[in-house]
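> Return a 3D structure for these sequence lines:
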Amino acid sequence: MHDKPKQRLLSRSAPALRDFSRNLARAMRLMVGVPDYDTYVAHVQKAHPERPVMTREQFFRNRQAVRFTGPRGGCC
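Numbering: from 1, shown residues only. Okay, the predicted model is just below:
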């Protein structure tokens, strides 16, 4: 019976914790030079709707190639 307030508190804080975790992971990836895939998808859909969107795997490989070998063409 004493667990109900605790359960309510946890259920309300879960979305905030999930958002915090996502933002922390996004910040960590940017700190080590890995751009965010979701940001890339939104950019391509808005600025270049005629272009196909890379898969996560293609995006990761592309970002690694650019990071270690320099830009080859590229966007914007």
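> Find the helix or strand that Gly33 is a member of.
Assessed by DSSP states H and E, Gly33 sits outside every helix and strand.
> Contact partners for it?
63, 67 (C-beta atoms under 8 Å, 6 or more residues apart in numbering). All C-beta spots, glycine's among them, are computed from the backbone N, C-alpha and C.
> Distance check, it against Asp19.
23 Å (C-beta to C-beta, to the nearest Å).
> do the same with Ala42
17 Å.
> same thing with Ala65?
In this view, Ala65 and Asp19 are 31 Å apart by C-beta to C-beta.
> try Val44
Counting by C-beta to C-beta, the gap from Val44 to Asp19 is 24 Å.
> same check, this time on His48
28 Å.
> Equivalent analysis for Phe59, please.
For Phe59, the distance to Asp19 - C-beta to C-beta - is 23 Å.
> Look at these two and report which has more neighbours.
Phe59 (18 against 10; other C-beta atoms under 10 Å).
> Tell me the spacing between that one and Val32.
15 Å.
> Name the SS class of Pro49, please.
coil (DSSP: H, G, I helix; E, B strand; the rest coil).
> Against which helices or strands is the helix or strand in which Gln64 is found packed?
Taking DSSP H and E as the definition, Gln64 sits inside helix 56-69. Judged by 3 or more C-beta pairs under 8 Å, 6 or more residues apart in numbering; DSSP states H and E, the packing partners of helix 56-69 are helix 37-47.
> Return the alpha-carbon coordinates of the helix it packs on using CSV.
Only the C-alpha atoms of helix 37-47 are listed here, as CSV (Å, rounded to 0.1, in the frame of the first residue of the first chain):
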residue,chain,number,x,y,z
TYR,A,37,20.9,10.8,-37.4
ASP,A,38,17.5,12.3,-36.6
THR,A,39,18.8,15.8,-37.2
TYR,A,40,20.2,14.6,-40.6
VAL,A,41,16.9,13.0,-41.6
ALA,A,42,15.0,16.2,-40.8
HIS,A,43,17.5,18.3,-42.7
VAL,A,44,17.4,16.2,-45.9
GLN,A,45,13.6,16.0,-45.8
LYS,A,46,13.3,19.8,-45.5
ALA,A,47,16.2,21.1,-47.6
